[in-house]
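> got a predicted structure here, sequence first:
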Amino acid sequence: MGYRTVLVPADADRIEAVTRATGFFSEEEVGIARELATANLEKGEIESEYSLLVQDSEPDGAIDAYACLGPVPGSRSTRRNQLRNI
C-alpha cells in the first residue's frame, strides 16, 4: 500500500469505481469525482486547481481511498479551510 499525488491514466476509472463502491454518493457525485480526476490528468494540478492524494494497493493499483482538494463552486471556502477540515 502506498500514497501518491500524481495520477496515472487508469486512475479516473479507479476513482469512479471506489466512489461508486461506497454506496454513499449519488451518480451525479460519482460523475463529478471522475470529472475532477480527469481535469487533474489533462491539465495538471495547477491549471485544474485540484490536488489529489491517492492510497493504492500495489501491485494491481486499485485505489483504496483518495482525497480531492480544490475550489468548491458557489462557496466561499478556500483550499486552506478545506485542509483544516480534513
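Structure received.
> next, the nearest residue to residue 51 once chain neighbours are set aside: phi, psi?
Of all residues not flanking residue 51 in the chain, residue 69 sits nearest, at 4.7 Å (Cβ to Cβ, 6 or more residues apart in numbering). Backbone N, C-alpha and C define where each C-beta goes, glycine included. The phi and psi torsions at residue 69 (degrees, to the nearest 10) take the values phi -120, psi 130.
> against residue 53, how distant is residue 6?
Residue 6 is 10 Å from residue 53, where distance means Cβ to Cβ, to the nearest Å.
> before we move on, back to that, quick one: the residue nearest to residue 51 and residue 50 touch, right?
Yes - shown here, residue 69 and residue 50 form a contact pair, counting by Cβ atoms under 8 Å, at 7.0 Å.
> looking at those two, which is more packed in?
residue 50 (20 against 17; other Cβ atoms under 10 Å).
> how near is that one to residue 27?
20 Å.
> how much space separates residue 48 from residue 25?
Taking Cβ to Cβ as the measure, residue 48 falls 20 Å from residue 25.
> looking at these two, which one has more neighbours?
residue 48 (17 against 14).
> now do the buried residues in the lengthiest helix in the chain.
When the chain is parsed with DSSP state H, its longest helix is helix 27-48. Across helix 27-48, burial judged by 16 or more other Cβ atoms under 10 Å covers 30, 33, 34, 36, 37, 38, 39, 40, 41, 45, 48.
> give me the three-state assignment for the residue nearest in space to the middle of the chain.
Among the residues of the chain, the one closest to the centroid is residue 68, at 4.0 Å (Cα atoms, centre = their mean). Secondary structure for residue 68, judged by DSSP: H, G, I helix; E, B strand; the rest coil, is strand.
> bridged to it, which residues?
residue 52 (DSSP bridges).
> from what I see, it and residue 50 are in contact.
Yes - between residue 68 and residue 50 there is a contact under Cβ under 8 Å: 5.8 Å.
> overlap in contacts, the two.
residue 36 (Cβ atoms under 8 Å, 6 or more residues apart in numbering).
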